[in-house]
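Engineer: let's see this in three dimensions:
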Amino acid sequence: MTAMLAPGNVFELPDTIKADMQTFADAVRNILPDKAIFKEMGMVNMDIETLFSQFLKNFNLTIK
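Structural biologist: Sure, this is the predicted structure:
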C-alpha cells in the first residue's frame with residue numbers, strides 16, 4: 001500500500017484506526033521483510049527501511 005502513496009501525502013486517521021496502525025508499526029518494525037518480497041512483486045529497487053519510514057510519515061505514526 002505504501003509503495004503506491006506519494007511520500008508527501010499525509011493522512012489524518014480516526015483515533016481508533018490510528019491506534020491500530022500504531023500497534024501494527026510497533027509490531028513489525030523489527031521484523032520487516034527482506035528485498036526478496038519486492039523482487040517477487042517486480043519492485044526490485046524498493047528499500048524496505050525507506051518504505052517503512054514513508055509509511056510512518058504518511059500516517060503520522062512514530063516508533064515507540
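Engineer: helix or strand right after the least confident helix or strand in the chain by mean pLDDT?
Structural biologist: Ranking every helix and strand in the chain by mean pLDDT, DSSP states H and E puts helix 36-40 at the bottom, with a mean of 77. Downstream of helix 36-40, the next assigned helix or strand under DSSP states H and E is helix 48-58.
Engineer: in that next one, what's buried?
Structural biologist: Residues 51, 52, 54, 55, 56, 58 are the ones in helix 48-58 that count as buried (16 or more other CB atoms under 10 Å). Every C-beta, even on glycine, is put in place using the N, C-alpha and C of the backbone.
Engineer: run the chain-centre distance for it.
Structural biologist: 4 Å (CA atoms, centre = their mean, to the nearest Å).
Engineer: thinking again about what came up before, report the buried residues of the least confident helix or strand of the chain.
Structural biologist: By 16+ other CB under 10 Å, the buried positions in helix 36-40 come out as residue 38.
Engineer: no further questions, thank you.
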